[in-house]
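[1] Task: produce atomic coordinates for the following.
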Amino acid sequence: MRHRKKTVKLQRDAAHRRSLLANLACSLIEHGRIKTTVAKAKALRPVAEKMVTLAKRGDVHARRQAIAFLRQKSAVKKLFTEIGPACEDRQGGYCRITKLGARMTDSAPMAYIEWTDIEDMAVAGTSEDE
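    Have a look, this model is predicted:
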């Protein structure tokens, strides 16, 4: 039985999966919207929402927890100065996943994952050649 086994493994070991999710979260923070597979987007959403919850707390311990997971100080700074205050009045649901269809090369289902409250920043942060 798979009781209490919520983690999506993504065919990676634990260290690789943690690094992948941290890098995806940093890219989402930096660009506002990223294009990835549906499975990775669904695995990223709880991680990104926990990071926003830490940013809304805003204390030193929350900042250190975010740095410990993300390992990029510039991403943590943007998370705590821009994204956290923008999501201050929202109780949850900080990310939106929009399905796009299959990728041409291997038919993997693709999706955009973006912030819900920061639409103008998400559109401005991406380029059209993706």
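[2] pLDDT weak spots in the protein?
    Judged against pLDDT under 70, the low-scoring parts of the chain cover residues 119-130.
[3] all strands for it, in order.
    With DSSP state E, the ranges of strands along the chain come out as 33-37, 95-102, 109-115.
[4] Nearest to residue 84 among the ones you listed would be which one?
    Closest approach to residue 84 among the strands of the chain (CB to CB): strand 109-115, 11.1 Å. For the C-beta atoms, the positions are set from N, CA and C on the backbone; glycine is no exception.
[5] Please name every helix or strand in contact with that closest one.
    helix 14-31, strand 33-37, helix 38-57, strand 95-102, helix 119-124 (3 or more CB pairs under 8 Å, 6 or more residues apart in numbering; DSSP states H and E).
[6] before we move on, back to that, format the strands of the chain as TSV; extra columns: mean neighbour count and distance to residue 83.
    Putting the strands of the chain into TSV (neighbours: other CB atoms under 10 Å; distance: least, CB to CB, whole Å) gives the following:
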stretch	mean neighbour count	distance to residue 83
strand 33-37	19	13
strand 95-102	13	11
strand 109-115	20	7
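[7] Nearest to residue 45 among the ones you listed would be which one?
    Residue 45 sits nearest to strand 95-102 of all those, at 4.8 Å, using CB to CB.
[8] ok, back up a step: among the helices and strands packed on strand 109-115, which is nearest residue 82?
    Shortest separation from residue 82 across these is recorded for helix 119-124, at 7.4 Å, computed as CB to CB.
[9] between the strands of the chain, which one is nearest to residue 59?
    In this view, the strands of the chain are compared for proximity to residue 59 by CB to CB, and strand 109-115 is the closest at 22.0 Å.
[10] Give the pairing partners of the closest one; include direction for each.
    Looking at strand 109-115 with DSSP bridges, its paired strands and their directions are strand 33-37 (antiparallel), strand 95-102 (antiparallel).
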